[in-house]
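> next comes the sequence, and after it the predicted model I'd like to discuss.
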Amino acid sequence: NAGVTQTPKFRILKIGQSMTLQCAQDMNHNYMYWYRQDPGMGLKLIYYSVGAGITDKGEVPNGYNVSRSTTEDFPLRLELAAPSQTSVYFCASRSSSSGGANEQFFGPGTRLTVL
Amino acid sequence: GENVEQHPSTLSVQEGDSAVIKCTYSDSASNYFPWYKQELGKRPQLIIDIRSNVGEKKDQRIAVTLNKTAKHFSLHITETQPEDSAVYFCAAMNYGGSQGNLIFGKGTKLSVKP
C-alpha cells in the first residue's frame, strides 16, 4: 500500500491564483482530513469527510473548498490565494471500523507559499 | 467542543535522562488519546496511543498514562537518545462520536543533547 499520498510537494502561488492540492489513500478509509500547520505551530483542521459525498467544515475552513466524489480522493481547493494561506498542508485518513485501529495516517504534506 | 492543552512547549534533556510531556483535555466524552512524533520536515507519525479503558500503556522506552478523573494524560520517554529529538503532539478524540475528529495540542519540541 502507498498509504496517503499528496501532490504537489511544493508550490509557490501568486496572490489571487487558485490551485488544487491532491490527496489520495489506498487503504479504503472512510474518514479523510485536511490540516494546515503554520511554522512552529500545531495542526488545525480545515475540512473533513466521513465518506464519499459527505464533507464538513473544520476549525479554519475560510478560503478553502473540498469535494469527495470517491472513497480514495479528497482534493482541497484554494480560491484566490492569500499570503495567510502560506503553510504546510497535511492530508490524513483513518478507518471508521469500530473494532479496528484508531490510527490516523498522514500524507507527506504540501508546502505552499503565497507571494 | 474539545480543547487540548500541552506542556511544556519546549523541553531540553541530556541523553539518557527521562522526558515527560503532559496534556489536559476538556471533554469528558473523549476516549482515545494518541501521541504523534514529527521530525523536522516530515509528517506526524503515531508513536503510541491509549483508550480510556486503560490507565497506562508501554512500548519499549515510551509509555503513556491516563487519568480520566483529572482529564490529563502524559507521555514518558525513558533513556532518551538524540534521535528522540522532534516535536511531539498529543491529541484527544471521542471515538465513535458524531465526528470523531482528533483535537491536537500545540506541540512540544524535545531536544536531546548528546
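Looks like it came in fine. Every value quoted in this text rests on a predicted model; they were computed, and no experiment measured them. Residues are numbered from 1 along each chain as shown, chains lettered A, B, ... in the order given.

> need the residues of chain B near chain A, please.
B:32, B:34, B:42-46, B:49, B:51, B:89, B:93, B:95-96, B:99-102, B:104-107 (Cβ under 8 Å from any Cβ of the partner chain). (Glycine included, C-beta is placed from N, CA and C.)

> do that again at 10 Å, thanks
Within chain B, the positions near chain A by Cβ under 10 Å from any Cβ of the partner chain are B:1, B:4, B:6, B:9, B:31-34, B:36, B:38, B:41-46, B:49, B:51, B:87, B:89-91, B:93, B:95-96, B:98-107, B:109.

> residues contacting A:Ser93?
A:Ser93 makes contact with A:3-4, A:23-33, A:49, A:71-72, A:74, A:103-107 under the criterion Cβ atoms under 10 Å, 6 or more residues apart in numbering or on different chains.

> could you report the neighbour count for residue 60?
Chain wasn't specified; assuming chain A. 15 (other Cβ atoms under 10 Å in any protein chain shown).

> chain B is the one I meant
Neighbours of B:Gln60 (other Cβ under 10 Å): 9.

> can you tell me how far it is from B:Lys71?
27 Å (Cβ to Cβ, to the nearest Å).

> swap in A:Asn28?
For A:Asn28, the distance to B:Lys71 - Cβ to Cβ - is 34 Å.

> look at the two and report which has more neighbours.
B:Lys71 (15 against 11).

> from what I can see the more buried one touches B:Asn31, true?
No. Counting by Cβ atoms under 10 Å, B:Lys71 stays clear of B:Asn31, with 11.7 Å between them.

> identify the contacts common to those two.
What both B:Lys71 and B:Asn31 touch, as defined by Cβ under 10 Å, 6+ apart, is the set B:Ala92.

> wasn't B:Cys90 part of a strand?
Yes. Using DSSP: H, G, I helix; E, B strand; the rest coil, the assignment for B:Cys90 is a strand.

> nearest residue to it other than its sequence neighbours?
Leaving aside its sequence neighbours, B:Cys90 sits nearest to B:Cys23 (Cβ to Cβ, 6 or more residues apart in numbering or on different chains; 3.8 Å).

> which residues does B:Ala63 bridge with?
Beta-bridge pairing for B:Ala63 (DSSP bridges): B:Lys58, B:His76.

> mind listing what it touches?
Taking Cβ under 10 Å, 6+ apart as the test, what B:Ala63 contacts is B:Val20, B:Ile48, B:Ile50, B:Glu56, B:Lys57, B:Ser74, B:Leu75, B:His76, B:Ile77, B:Thr78.
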